[in-house]
Structures are given as C-alpha cells and as structure tokens.
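1. Starting from these lines, generate the structure:
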Amino acid sequence: MKNKIGYGKTLTISIIIAIIFITTNVIINCVAYRTYTKNFNAKIDLIIGETIKENPDTDKDTLIKILNNEDTKSDDILKKYGINLNEDSAILENDKKFYEFTLLSTAITVIFILVVLIVFAEYNRRRNKKIKQITDYIEQINQKNYKLDIEENSEGELSILKNEIYKTTVMLNEIADNEMKDKENLKESLSDISHQLKTPLTSIIIILDNILDNPDMEQTVREDFIKDIKREITNIQFLVANLLKLSKLDANSVQFINKEVKVEEIIQNVVKNVSSICDLKNIKINITGDLKAKIVCDERWQIEAITNIVKNAAEHSKTDSEIDISYEQNKAYTKVAIKDYGAGISNSDIKHIFQRFYKSKNSAKDSIGIGLPLAKSIIERNNGYIEVTSEEGKGTTFKINLPLKINPDGCLHRWNEPLNWYE
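-> Numbering: from 1, shown residues only. The predicted structure follows:
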C-alpha cells in the first residue's frame, strides 16, 4: 500500500474536484429548475388574473383543476401564434435562462476538465523529475560515487524507492570504506610480516655465508650455527602457522564445533603445552576452581587461545615465580583468570597488547607479538570476552568470560588442519 501513496494523493484530489463539480452542477440544475418554475408560475398567475378580470364569473377551481390535470392533450391553440409545444417554450424568458444555465454548466465542465488535467500533469511532472533524479543518482553510484545525500522525507512510491537507494548507497559507502580500511590493514600486515620474516631470514643467510666461507670451521661452532638456523626456521614456521590461523579467523573460514567441555580438561592441556618454558624458568602453575565447571566451545581452539595467554604470562614472569590460574562458574558464563607476578605492563602499552605484531618494552627479544591477538580473536569468535589489568612491577591478570550455552547459530564444523601446539 505504501508504494501507492503518491498515486493515491493524486486520485484523492481528483475525486474531491469531481465531487465539487457534481455538486456545482446539481446546484445549477436546482437553480435553473426554480427559475423556470418561478417564471412559468408567474405567467400562469398573470393569465389567470387577466382571465378572472375579464370574466368574473369564471370558476377558479376549474382553472386550478385544469392546471393539475394529468391529461396532457392539448388543443394546439398556441400553434396559431407560431409556438410549437413540442419544441418551443411558450415563455421566452425561460429560453434565455436556459441558454445562460447551459453556458454556465459548460464553462464549469471545461474548468473541471482543465483542473483535472493540471493535477495529473503536475503529478507526472513531479514523477518524471524524481525518476530523472533517481536515474542520475544510479549513474553516480555506477561511477562509484557513494557520498550522495539523497535521503527523502516525503511520501510516495518514488520517495520510498529513493530512500531504498539511499540505504543501498550508505551500505555501498560503508563497504567501500571497509575495503579501503582492509587494503590499508593488508598493506600494514604485509609490511609487518615482511619485517618479521626479514630478521630471521637475514640471520640464516649470514650464518650460511659463514659456514660456506669457512670450510675448516670447528665442528662445535658449525653445530651451534646449525642450531641457530633451526631456531630461526622454527620461528618462521611458528609465525607462518599463526598468521594462517589469524587470516582464517579474519576471513570467517574457521568454523567451530561447539560442545560442552570441562574447564579442568582445557587447563590441563594448556599446562602441558607450556610445560617446557615453565620448567626452563622453574615457574610453578597453581590451579584452583570448581572441577564441575564447564563451558561450551570448540575445545582445541579454546586450548590454543588460553595457551597463548599462559605462555605470554610465563615469558613475562621471573625465574622461580608462579602463575595462578583460577576459574569459577555462574548461571551465565564461566570466568577464567590467569595471573602472573612478572614485570607488568605499562599504561601506554596495555591498550595495544592485542594489536598484531605489537611488542611492549618488556617483551622478549624473540617475541613476535601475535599470540595475544590470536587468543583474542578465538575467544571473541566463541562469543567470549577478554580483558586485562596490570601494574608495573607487580604482574598482570587476564580475565576471560566464556559462554555456557551454544551460540544460536548452532554447531559448526571446524577446519581439519592440525593445530601446532607449543612444545
């Protein structure tokens, strides 16, 4: 119905004009009838008056009876005076009035037709104007000009169409802006990746040049160089693997299989993944929580996310220190807290720690700055939430809220590539 608003208005105006026209014609016909009746009665009254004056003995009732007699037979007396009862009016004044009323009625009819034509002409003019505007807008949109102010507040089918085009334009504008941002992000990411790969590759090239230039190099030195090459290649492999995971998360090509999992099982797997670095620094992990606590998630991806966070805590912890992992459950979600007692994060760094390739002043030398962004992406994709608080010199706490219920979107399939767990 909304699409007919403009046409309905024009039709309503036309109906109102038609009602005015019909009413005016009815009034004219009534006035004409009253005029004819008045003139006719006046002449009859005059004739009867003259007749009675000349013949006082004339019976008035007889005259009235004649006037009201339904018998239409006539003696054609007026024919002798050139008046045809079937064609001419015996009262000439009525003829004059007839022509006047006919002329007035004709003039009103012509005016009515003109007004209706003007109304529809104006309607078509406005319609054609809006169609031209819409055509121009579409041409601009085809030329990728999405910054058009074409919002329409009036009603009508074309106004509605115009508003729909405006909505489409806004959407296309947002898409264009997002594409531009994506291009900028891709450019920055490629620059960061290039920088991250450049350092280990340069180191490998230098080491290989030393080995090739010194064929008589001592075996122990050669073995150390080979170990350095292996370490750098492992770093590159780690970087590429995590970039692949992040890119798949960004492209929404990772599809989780959500199921109910005990939090204890996830934490135990995380502890295994970080056992090497914890043993190296003699870090003790304390675990407290309700053994019955559960969450709904993709288990392997959730282990990946929490492992990244605990590994980060271990890297920033001092030797012979501790990491506390606690979890609790309420009716809506399960909260997991990971606290270390390391150097902490400065206020200037804490707002950037989830940015890719960002390295704070307390980061390890071999840190890539991709573990925490990956963890955040996984947790948020699983309808979770992560926050961090820290105090320099006292340590850092990561808090993760994970859902207890399956996402309304339903269970999804996971991509089948094996995840590279930390040794």
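2. Residue 326 belongs to a strand?
-> Yes: according to DSSP: H, G, I helix; E, B strand; the rest coil, the state of residue 326 is that of a strand.
3. wait, doesn't it sit right on residue 290?
-> No: judged on Cβ atoms under 8 Å, residue 326 makes no contact with residue 290 at a distance of 9.9 Å. Any C-beta I mention is one placed from the backbone N, CA and C, and that applies to glycine too.
4. need the helices for the stretch 101-250 of the chain, in chain order.
-> Along the stretch 101-250 of the chain, the segments classed as helices by DSSP state H, counting those that start in this stretch run 157-213, 219-250.
5. Ok, which of those comes nearest residue 17?
-> helix 157-213 (22.0 Å; Cβ to Cβ).
6. so who does the residue nearest in space to the middle of the chain touch?
-> The structure's the chain has its C-alpha centroid closest to residue 171; by Cα atoms, centre = their mean the separation is 7.0 Å. Residues counted as contacts of residue 171 (Cβ atoms under 8 Å, 6 or more residues apart in numbering): none.
7. Test for you: state the pLDDT assigned to it.
-> Looking at residue 171, its pLDDT is 77.
8. Next one: it from residue 135, what distance?
-> For residue 171, the distance to residue 135 equals 20 Å [Cβ to Cβ, to the nearest Å].
9. Please apply the same query to residue 382.
-> If you go by Cβ to Cβ, the gap between residue 382 and residue 135 works out to 48 Å.
10. So which of the two has more stuff around it?
-> residue 382 (20 against 10; other Cβ atoms under 10 Å).
11. How about the more buried one: what's its closest non-neighbour residue?
-> Spatial nearest neighbour of residue 382, excluding adjacent residues (Cβ to Cβ, 6 or more residues apart in numbering): residue 297 at 4.9 Å.
12. Now the phi/psi pair for residue 321, please.
-> phi -110, psi -170 (degrees, to the nearest 10).
13. Now for it: which residues touch it?
-> 281, 283, 284, 340, 341, 342.
14. I'd like to know how many residues surround the second one.
-> So that's residue 283. What residue 283 shows, counting by other Cβ under 10 Å, is a neighbour count of 23.
15. re earlier: now the weakest link among the helices of the stretch 101-250 of the chain, please, by mean pLDDT.
-> helix 157-213 (a mean of 75).
16. circling back: from the contacts of residue 321, list just the buried residues.
-> Among the contacts of residue 321, those buried by neighbour count (16 or more other Cβ atoms under 10 Å) are 283, 340, 341, 342.
17. So among those residues, where is pLDDT lowest?
-> Minimum confidence in the buried ones among the contacts of residue 321 sits at residue 342, scoring 86.
18. May I have the secondary structure class of that one?
-> coil.
19. Just flag the most distant two among the contacts of residue 321.
-> 284 and 342 (13.6 Å).
20. related to what we said a few turns ago, just name the closest of the contacts of residue 321 to residue 242, please.
-> The closest of those, once distances to residue 242 are taken by Cβ to Cβ, is residue 340, at 21.2 Å.
21. If that closest one is in a bridge, with which residues?
-> Beta-bridge partners recorded for residue 340 (DSSP bridges): residue 323.
22. Looks like it contacts residue 390 (just checking).
-> No: counting by Cβ under 8 Å, residue 340 stays clear of residue 390, with 9.4 Å between them.
23. Please enumerate the shared neighbours of these two.
-> Contacts common to residue 340 and residue 390, judged by Cβ under 8 Å, 6+ apart, are 396, 397.
24. name the element residue 338 belongs to?
-> strand 333-340 (DSSP states H and E).
25. what packs against the helix or strand that comes right after that strand?
-> Moving toward the C-terminus from strand 333-340, the next helix or strand (DSSP H and E) is helix 347-350. In terms of contacts (3 or more Cβ pairs under 8 Å, 6 or more residues apart in numbering; DSSP states H and E), helix 347-350 is packed against no helix or strand at all.
26. can you list the residues that contact the helix or strand following helix 347-350?
-> Next in sequence after helix 347-350, counting helices and strands by DSSP H and E, comes helix 371-381. Under the contact criterion Cβ under 8 Å, 6+ apart, helix 371-381 has outside partners 242, 245-246, 249-250, 254, 256, 301-302, 304-306, 308-309, 311-312, 353-356, 385-386, 400, 402.
27. Look at the residue of the chain most remote from its centre and tell me its secondary structure.
-> Distance to the chain centre peaks in the chain at residue 57, reaching 99.1 Å (criterion: Cα atoms, centre = their mean). Counting by three-state DSSP, the backbone at residue 57 sits in coil.
28. again, but for residue 255
-> coil.
29. I'd like to know how many residues surround it.
-> By other Cβ under 10 Å, neighbour count at residue 255 equals 14.
30. got a pLDDT number for it?
-> For residue 255, the predicted pLDDT is 76.
31. I'd like to know how far it sits from residue 242.
-> 19 Å.
32. got it, and residue 395?
-> 25 Å.
33. next one: residue 257
-> For residue 257, the distance to residue 242 - Cβ to Cβ - is 21 Å.
34. of those two, who's got more company?
-> Each of residue 257 and residue 242 has its neighbours counted (other Cβ under 10 Å); residue 242 has more, 19 against 13.
35. quick one, phi/psi of the residue lying closest to the more buried one once chain neighbours are set aside?
-> Distances taken as Cβ to Cβ, 6+ apart put residue 370 closest to residue 242, at 4.9 Å, once the chain neighbours are dropped. The phi/psi pair for residue 370 (degrees, to the nearest 10) reads phi -130, psi -10.
36. looking at it, residue 370 is touching residue 241, isn't it?
-> No: checked against Cβ under 8 Å, the pair residue 370 and residue 241 is beyond contact range at 10.0 Å.
37. Quick check: buried residues in the helix or strand containing residue 269?
-> Assigned by DSSP H and E, residue 269 belongs to helix 263-273. Within helix 263-273, the residues scored as buried using 16+ other Cβ under 10 Å are 263, 264, 266, 267, 269, 270, 271, 273.
38. Over to stretch 274-287?
-> For stretch 274-287, by 16+ other Cβ under 10 Å, it's 274, 277, 278, 283, 285.
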